[in-house]
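[1] Just a sequence and a predicted model for now, questions to come.
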Amino acid sequence: MKITKYSTYIVPPRWLFLKIETDEGIVGWGEPVIEGKAHTVQAAVSELMDFLIGKDPLRIEDHWQVMYRSGFYRGGPILMSAIAGIDQALWDIKGKAFNAPVHQLLGGACRDSMRVYSWIGGDRPTDVGLAALEKQKAGFTAIKMNATEELQYIDSYSKVDQVVERVAAIRTATGPDFGIGVDFHGRVHKPMAKILAKALEPYRLMFIEEPVLPENNEALREIANHTSTPIATGERMFSRWDFKSLLQDGYVDIIQPDLSHAGGITECKKIFAMAEAYDVAVAPHCPLGPIALAACLQVDATAHNAVIQEQSLGIHYNAGNDLLDYIVDPGVFSYDDGFVKIPQGPGLGITVNEEYVIKMALESPHRWRNPVWRHQDGSVAEW
Ligand SMILES: O=C(O)[C@@H](O)[C@H](O)[C@H](O)CO
Ligand SMILES: [Mg+2]
């Protein structure tokens, strides 16, 4: 079998899909994207595909090594997202070629279904009490919300109180066993992060996420010393090499690599295994489309330490398209009591609605850019 062709599709709300074709008629789909930089990743995909056209799609490990090592410059969000989407598409092809779901090819499932959580409140954390209750009624056992829109290095305690009030409202609305993740979203700096972490401790959270930006991961030590709440991070870390010191240092409890940002199925399977050796859980990040979610579930199925999966079913951003719009078999992601069954179809286990993808790419190709938010004094706030 040989790779003959590829196509990329910029689709709303913020995504990029990739289709790779072969001379045997088998096609694979991937989702190589980083939000706000879809066009940049698209360009990186086209550069990397020059190495793959005419090659055997089944030699995934070798292709991964070529894409990662042969370019001299390596790592980072753009290159690793491009590799990720290509890698997903190659695994999709391999699964279809052997008529097996990807998880079978990775060693087989060690769980039947995966607990999932839904994001509430969109980019801005408003009215989350009600939103959490709606998700609970819809069958979810866990949600995640953003803690705050912005917080300065040193800021008022009333902003801390507002976060606590929102979390308390969710806890009251949903009861003691409901999973609550609070995403600091890298919007909080070290001086306030420890205050906020400590203030949230009584609410028995599932985790606090990105308490500081990943480039400040050395601050996790102090934050971990201020709270017993599990600490999660990793959506902006892109390879085993990014994760190794985080794991060695020992202050993280849950890592959140993204199957569309961190080198794909091939790399994330290895990252999950590294974490297992440190007794660290995995909760893969995925505010993306159906191909990314399917890739996550295929690896989750095979990883003992995968505990919960983020997913964007039900209009993650409170605007635009839902991931189910892009597949012809939306039932594949139906959840029961907060769990999604592992997709069993060949490859990634979903059937992309190609006609709809092409239509959306033609009619509404997005140019989604991250909003620019500012603090009261006019200085830029982390989005
Ligand atoms: O953990 C999450 O899902 C968030 O940090 C999103 O990745 C971010 O808001 C961009 O969509
Ligand atoms: Mg996050």
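    Yep, it's here. Ligands and ions are numbered 1, 2, ... in the order given.
[2] what comes up buried for stretch 181-199?
    Residues of stretch 181-199 classed as buried: 181-190, 192-197, 199 (neighbour count, 16 or more other C-beta atoms under 10 Å). To be clear about C-beta, it is placed using only N, CA and C from the backbone, and glycine gets the same treatment.
[3] no, scratch that, I was asking about stretch 262-275
    262-272, 274-275.
[4] repeat for stretch 239-253
    239, 240, 242, 243, 246, 247, 251, 252, 253.
[5] got it, and stretch 131-139?
    Those would be 131, 132, 133, 135, 136, for stretch 131-139 by 16+ other C-beta under 10 Å.
[6] now stretch 295-311
    So for stretch 295-311, counting by 16+ other C-beta under 10 Å, buried means 295-303, 305-311.
[7] can you narrow these to ones near ligand 1?
    By C-beta under 6 Å from any ligand atom, the members of those lying near ligand 1 are residue 310.
[8] Next step: the buried residues of stretch 295-311 restricted to helices.
    295, 296, 297, 298, 299, 300 (DSSP state H).
[9] would JSON lines of those with distance to residue 143 and pLDDT be doable?
    Listed next are these as JSON lines, based on distance: C-beta to C-beta, whole Å; pLDDT from 0 to 100:
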{"residue": "295", "distance to residue 143": "22", "pLDDT": "98"}
{"residue": "296", "distance to residue 143": "17", "pLDDT": "98"}
{"residue": "297", "distance to residue 143": "19", "pLDDT": "98"}
{"residue": "298", "distance to residue 143": "24", "pLDDT": "98"}
{"residue": "299", "distance to residue 143": "23", "pLDDT": "98"}
{"residue": "300", "distance to residue 143": "18", "pLDDT": "98"}
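[10] Pipe those into TSV and attach distance to residue 84 per row.
    Shown next, in TSV, are those (distance: C-beta to C-beta, whole Å):
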residue	distance to residue 84
295	8
296	11
297	15
298	13
299	12
300	16
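[11] Closest one of the residues you listed to ligand 1?
    For these, the minimum distance to ligand 1 (C-beta to the nearest ligand atom) is 12.4 Å, reached by residue 296.
[12] Help me confirm that that closest one comes into contact with residue 286.
    Yes - using C-beta atoms under 8 Å, residue 296 makes contact with residue 286 at a distance of 5.2 Å.
[13] Which residues are in contact with each of the two?
    259, 309, 311 (C-beta atoms under 8 Å, 6 or more residues apart in numbering).
[14] What's the per-residue pLDDT of the last one here?
    Per-residue confidence (pLDDT) for residue 311: 91.
[15] Next one: the nearest residue to residue 324 once chain neighbours are set aside from ligand 1, what distance?
    Spatial nearest neighbour of residue 324, excluding adjacent residues (C-beta to C-beta, 6 or more residues apart in numbering): residue 330 at 4.1 Å. As judged by C-beta to the nearest ligand atom, to the nearest Å, residue 330 and ligand 1 stand 21 Å apart.
[16] what do you get for residue 204?
    20 Å.
[17] cool, residue 354 as well?
    Counting by C-beta to the nearest ligand atom, the gap from residue 354 to ligand 1 is 25 Å.
[18] Test my guess that that residue contacts residue 19.
    Yes - the pair residue 354 / residue 19 is scored as a contact, 7.4 Å apart, by C-beta under 8 Å.
[19] Which one's more surrounded, the two?
    residue 19 (20 against 16; other C-beta atoms under 10 Å).
[20] Wait, a helix at that one?
    No - Residue 19: not assigned to a helix; according to DSSP: H, G, I helix; E, B strand; the rest coil it is strand.
[21] Now it: closest residue in space, sequence neighbours ignored.
    residue 7 (4.9 Å).
[22] Might you enumerate the residues of the stretch 201-350 of the chain proximal to ligand 1?
    235, 285, 287, 310.
[23] Nearest to ligand 1 among these?
    Set against ligand 1, the nearest of these by C-beta to the nearest ligand atom is residue 287 (4.1 Å).
[24] Remind me which helix or strand the closest one belongs to.
    Using DSSP states H and E, residue 287 is not contained in any helix or strand.
[25] so it makes contact with residue 296?
    No - contact criterion C-beta under 8 Å: residue 287 and residue 296 do not qualify, at 11.3 Å.
[26] Would you mind writing the CA trace of the lengthiest helix in the chain as PDB?
    The longest helix of the chain (DSSP H) is helix 77-97. Provided in PDB are the C-alpha atoms of helix 77-97 (Å, rounded to 0.1, in the frame of the first residue of the first chain):
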ATOM      1  CA  PRO A  77       2.700  23.200  19.400                       C
ATOM      2  CA  ILE A  78       2.800  23.500  15.600                       C
ATOM      3  CA  LEU A  79       5.100  20.700  14.600                       C
ATOM      4  CA  MET A  80       3.800  18.300  17.200                       C
ATOM      5  CA  SER A  81       0.100  19.000  16.200                       C
ATOM      6  CA  ALA A  82       0.900  18.500  12.600                       C
ATOM      7  CA  ILE A  83       2.600  15.200  13.400                       C
ATOM      8  CA  ALA A  84      -0.300  14.300  15.700                       C
ATOM      9  CA  GLY A  85      -3.000  14.600  13.000                       C
ATOM     10  CA  ILE A  86      -0.900  12.700  10.400                       C
ATOM     11  CA  ASP A  87      -0.200  10.000  12.900                       C
ATOM     12  CA  GLN A  88      -4.000   9.600  13.700                       C
ATOM     13  CA  ALA A  89      -4.800   9.300  10.000                       C
ATOM     14  CA  LEU A  90      -2.100   6.700   9.600                       C
ATOM     15  CA  TRP A  91      -3.500   4.600  12.500                       C
ATOM     16  CA  ASP A  92      -7.000   5.000  11.000                       C
ATOM     17  CA  ILE A  93      -5.600   3.500   7.800                       C
ATOM     18  CA  LYS A  94      -3.800   0.700   9.600                       C
ATOM     19  CA  GLY A  95      -7.000  -0.200  11.500                       C
ATOM     20  CA  LYS A  96      -9.000  -0.300   8.300                       C
ATOM     21  CA  ALA A  97      -6.300  -2.300   6.600                       C
END
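[27] No further questions, thank you.
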